[in-house]
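Engineer: Sequence first, then the predicted structure, then my questions.
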Amino acid sequence: MKTSFWLAGAAALLFSSTAFAGDTIKIGFVSTFSGPTAVIGNDMRNSFELALDHLGRKMDGKPVEVIYEDDQQKPDVGKQKTEKLVQSDKVDFIVGYIWSNVLLASLKTAVDSQTFLVSANAGPSQLAGELCSPYVFSTSWQNDQTPAAMGLYMNQKGVKSVFLIGPNYAAGKDMLAGVKSTFKGQVVGEEYTVWPSQLDFSAELSKARASGAESIFVFYPGAAGVQFLNQYAQAGLKEKMPLYTAFTVDELSLPLQKDNAIGVPGAQEWVNDLPNEQNKTFVADYRKKYTGLRPTYYGAQAYDAAQLINSAVVAVKGDTSKKDAMKAEMEKANFKSLRGAFKFGNNHIPIQSFYLQDVVKDADGQLSLKTVATIVENDQDRFHDKCPMK
Amino acid sequence: MLLVVEQFLNGLQFGLLLFLLAAGLTLVFGIMDLVNLAHGSLYMMGAYFAATFVAWTGSFVLGGVLALGATLLLGIVLEFTALRHLYGRDHLDHVLATFGLILFFNEAVRLIWGPAGLALPLPSWLAFPVTILPGIQYPAYRLAIIVVALLVALLLYLGVMRTRIGMLIRAGASNREMIGALGINIKLLYTLVFGLGAALAGLAGLMQAPILTVQIGMGENILILAFVVIVIGGIGSIRGAFIAAIMIGLIDTMGRAFLPNLLRQVLNSASASTAAPALSSMLIYLLMAIVLVARPEGLFPANRR
């Protein structure tokens, strides 16, 4: 009786110690895998899996285990899934997060448990400012950066006045604030719509037309971007009020937007035709592995997240308990990013270039996105001063 | 002033669309006493059928007609295979079973058409704005929706008020047991009513498809509004559904259009633009609550005794 008790104890110790040393690198991945925006989550998962393929599915010789969790585009569900990953799966890293409101709800769980979180898309202003954390990195951008680049482009085009429309949630507010931070003309009006349930923008389009503004700026990610462009074209505004966008036209929405998207400019930190070697390989391998699909910036950011994590794991020779060393390595951004080299700011948000993208017909006769110009180089978000980390 | 007219049209168009959805729902609920949560799925199927048939035939009208027929057929098959077994059971059983149908349809669509959704582009003869009054341009397609929905409402009214089947439907709405006792083939009537409801939902779906995208789960948000409409209008009443739908459409649109400016008089600009969308989406539920308190049976109850 007594011996078996000791044996059991020894076995338990043995088990816990092996679990502690960590034979595998465990990564939790929170994104949207159900509902209309599941296509975005799928693209992120596809790209993350491709990154693991390129890494031989190992990080510093250790096998990688990824646990995918569906946030259903809901902040409360995202928080629960993050808690589950941290508390019961005890993951080493958490990646993903399309939606700013989901990330903001989940952030505290990850930070309190000192689990590294890499946002592969969402970039709420709070994350760059007062809520910045040593354990949080972004391989995307701060929300304001992309629309701010669009604002600069609108200045270049000599746009005098604009009407802003966006969804009423954390990212929508950041996006409209972002344009306003750089646009030098007059902002005639701004409208927020109920997110994500409102899909009919007739009232907002009527107001935009009545406002007498010269142009419209919108931010509508996912299917909402398709609906907005449909209704914008049907209202006959395409000839009258040119549209400027952020995150509204991408490779997922383009097959549905079709000709409505032609001539609609967008700003982006990654476009599929960026000329660096790693990006060429990524785009070619993605199209080979997932026939009929094309990668998006969401996917490129998820791919970068996997590479960033790999750089940290390699630097500590697989010992993921050395958090300070991993943090120091990640701050160097010492990996081949698909957007080309970039540096992290003090708040762990990339300092990076933004490009102007346009819709063109490619060699296969399909609509695709193309880099036209560099709008701004080495752009740093405008909240980094508020981040206590120096 | 011109903006008010334009927003009125927007509200009317939205309201009429809701009416198409709510008319079927209220008939099925009122006559068959069946709570059909899967009504939104029929709306979605109408849109998917339309996108498929339009791409297949190359004609918007022909594809639309085929899609309408397909939804009608689907409704009849659904009634035959699944819903028939639910009559006379508890409402909770209806909710459970038809919620299962929602999941079934969403997965079926994912298997057949894939998760990415479909586009239903408008033909060029509908995709332009019309000048209806000097200074007011309105999308031709939205005008077409208004015209078609008003026609359908008129046909429904004539059908329900002036024909023998309409008489049976009205009789069924006011006293289900009695018309069965009078020797009316109630099973056939039920199948017919359900098929009609399905076709109306399909019509709403296929007309909405070019404005929105065709996607999985597209019927779920709008179904909630359709339920609000039938609660306000009175269960089983087509006339009630018509008036309540237009009320809801106008309140929702006018709220979204003018509430932000009103709020800006009181609040600062930033908090007004944040609060206004939330408040305007609450208005319709506020109306429903008031109606429920003042007239719990709805504005135009069908089964007055």
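Structural biologist: Noted; the coordinates are in hand.

Engineer: Export only the CA atoms of stretch A:81-90, formatted as CSV.
Structural biologist: Taking C-alpha atoms only, stretch A:81-90 is exported to CSV below (Å, rounded to 0.1, in the frame of the first residue of the first chain):
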residue,chain,number,x,y,z
LYS,A,81,-11.4,30.5,-25.4
THR,A,82,-8.3,32.5,-24.4
GLU,A,83,-8.9,31.5,-20.8
LYS,A,84,-9.2,27.8,-21.8
LEU,A,85,-5.9,28.0,-23.8
VAL,A,86,-4.0,29.6,-20.9
GLN,A,87,-5.5,27.7,-18.0
SER,A,88,-6.2,24.2,-19.2
ASP,A,89,-4.0,23.8,-22.3
LYS,A,90,-1.2,25.9,-20.8
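
Engineer: Buried residues of it, list them for me.
Structural biologist: Within stretch A:81-90, the residues that count as buried by 16 or more other Cβ atoms under 10 Å in any protein chain shown are A:81-82, A:84-86. Backbone N, C-alpha and C define where each C-beta goes, glycine included.

Engineer: what do you get for stretch A:106-122?
Structural biologist: Buried residues in stretch A:106-122 (16+ other Cβ under 10 Å): A:106-107, A:109-111, A:113, A:115-122.

Engineer: Out of these, which sit inside helices?
Structural biologist: A:106-107, A:109-111 (DSSP state H).

Engineer: Quick one: residues contacting the residue in chain A that chain B sits nearest to.
Structural biologist: Proximity of chain A to chain B (Cβ to the nearest Cβ) peaks at residue A:236, 3.3 Å away. By Cβ atoms under 8 Å, 6 or more residues apart in numbering or on different chains, the residues touching residue A:236 are B:128-129, B:137, B:139.

Engineer: if we go to 6 Å?
Structural biologist: Residues in contact with residue A:236 (Cβ atoms under 6 Å, 6 or more residues apart in numbering or on different chains) are B:129, B:137.

Engineer: Tell me the confidence at residue B:170?
Structural biologist: As predicted, residue B:170 sits at a pLDDT of 81.

Engineer: which stretches of chain A form helices?
Structural biologist: Under the criterion DSSP H, chain A contains helices at A:2-21, A:38-54, A:75-87, A:100-112, A:125-128, A:145-156, A:170-182, A:202-211, A:223-234, A:254-257, A:277-289, A:297-315, A:323-331.

Engineer: swap in the stretch 101-250 of chain B?
Structural biologist: Assigned by DSSP state H, counting those that start in this stretch, the stretch 101-250 of chain B shows helices spanning B:140-162, B:164-174, B:176-181, B:186-208, B:218-233, B:238-266.

Engineer: need those in a markdown table with distance to residue A:288 and mean neighbour count, can you?
Structural biologist: Shown next, in a markdown table, are the helices of the stretch 101-250 of chain B (distance: least, Cβ to Cβ, whole Å; neighbours: other Cβ atoms under 10 Å in any protein chain shown):
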| stretch | distance to residue A:288 | mean neighbour count |
| --- | --- | --- |
| helix B:140-162 | 40 | 16 |
| helix B:164-174 | 58 | 18 |
| helix B:176-181 | 61 | 14 |
| helix B:186-208 | 37 | 24 |
| helix B:218-233 | 33 | 23 |
| helix B:238-266 | 46 | 21 |
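
Engineer: Could I get these in a markdown table, plus columns for distance to chain A?
Structural biologist: Converted to a markdown table, the helices of the stretch 101-250 of chain B look like this (distance: least, Cβ to the nearest Cβ, whole Å):
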| stretch | distance to chain A |
| --- | --- |
| helix B:140-162 | 6 |
| helix B:164-174 | 31 |
| helix B:176-181 | 35 |
| helix B:186-208 | 8 |
| helix B:218-233 | 5 |
| helix B:238-266 | 4 |
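
Engineer: Dump the ones you listed to a markdown table, plus distance to residue A:57.
Structural biologist: Shown next, in a markdown table, are those (distance: least, Cβ to Cβ, whole Å):
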| stretch | distance to residue A:57 |
| --- | --- |
| helix B:140-162 | 50 |
| helix B:164-174 | 63 |
| helix B:176-181 | 63 |
| helix B:186-208 | 44 |
| helix B:218-233 | 38 |
| helix B:238-266 | 50 |
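
Engineer: out of the ones you listed, nearest to residue B:110?
Structural biologist: Counting by Cβ to Cβ, residue B:110 lies closest to helix B:218-233 out of these; the figure is 12.9 Å.

Engineer: distance of residue A:167 from residue B:84?
Structural biologist: 42 Å (Cβ to Cβ, to the nearest Å).

Engineer: In terms of packing, which of these two has more residues around it?
Structural biologist: residue A:167 (22 against 15; other Cβ atoms under 10 Å in any protein chain shown).

Engineer: I'd say the more buried one and residue A:195 touch.
Structural biologist: Yes: here residue A:167 reaches residue A:195: they are 3.6 Å apart, a contact under Cβ atoms under 6 Å.

Engineer: What residue, apart from its backbone neighbours, is nearest residue A:212 spatially?
Structural biologist: Using Cβ to Cβ, 6 or more residues apart in numbering or on different chains and skipping the chain neighbours, the partner closest in space to residue A:212 is residue A:188 (6.8 Å).

Engineer: Mind pulling up the pLDDT for the residue nearest the centre of chain A?
Structural biologist: Nearest to the mean C-alpha position of chain A, counting by Cα atoms, centre = their mean, stands residue A:121 at 1.3 Å. pLDDT recorded at residue A:121 is 96.

Engineer: again, but for residue A:195
Structural biologist: We have a pLDDT of 88 for residue A:195.

Engineer: Residue A:23 too?
Structural biologist: On the pLDDT scale, residue A:23 gets 85.

Engineer: What score does the closest residue to residue A:186 other than its chain neighbours have for pLDDT?
Structural biologist: Computed as Cβ to Cβ, 6+ apart, the closest residue to residue A:186 that is not its neighbour in sequence is residue A:161, at 4.3 Å. pLDDT recorded at residue A:161 is 97.

Engineer: ok, residue A:161 - contacts?
Structural biologist: Residues in contact with residue A:161 (Cβ under 6 Å, 6+ apart) are A:185-186, A:188, A:213-214.

Engineer: In the stretch 1-150 of chain B, which residue sits closest to chain A?
Structural biologist: Per Cβ to the nearest Cβ, residue B:129 is where the stretch 1-150 of chain B lies closest to chain A, at 3.3 Å.

Engineer: Would you agree that residue is in contact with residue B:136?
Structural biologist: No: using Cβ under 6 Å, residue B:129 makes no contact with residue B:136, being 9.5 Å away.

Engineer: Please say which of those two ends up with more neighbours.
Structural biologist: residue B:129 (21 against 17).

Engineer: what pairs with that one across the strands?
Structural biologist: Taking DSSP bridges, one finds residue B:139 as the beta-bridge partners of residue B:129.

Engineer: contacting residues around it?
Structural biologist: Counted by Cβ under 6 Å, 6+ apart, residue B:129 has contacts A:236, B:137, B:139.

Engineer: burial of the last one, as a residue count?
Structural biologist: Looking back up the chat, that one is residue B:139. 26.

Engineer: Stretch A:230-239 - what's its average pLDDT?
Structural biologist: What stretch A:230-239 shows for mean pLDDT is 91.

Engineer: ok, and for it, which residues are buried?
Structural biologist: Buried residues in stretch A:230-239 (16+ other Cβ under 10 Å): A:230-238.

Engineer: Next, give me the two most distant ones among the residues you listed.
Structural biologist: Checking the buried residues of stretch A:230-239 with Cβ to Cβ, the most distant pair is A:230 and A:236, at 12.5 Å.
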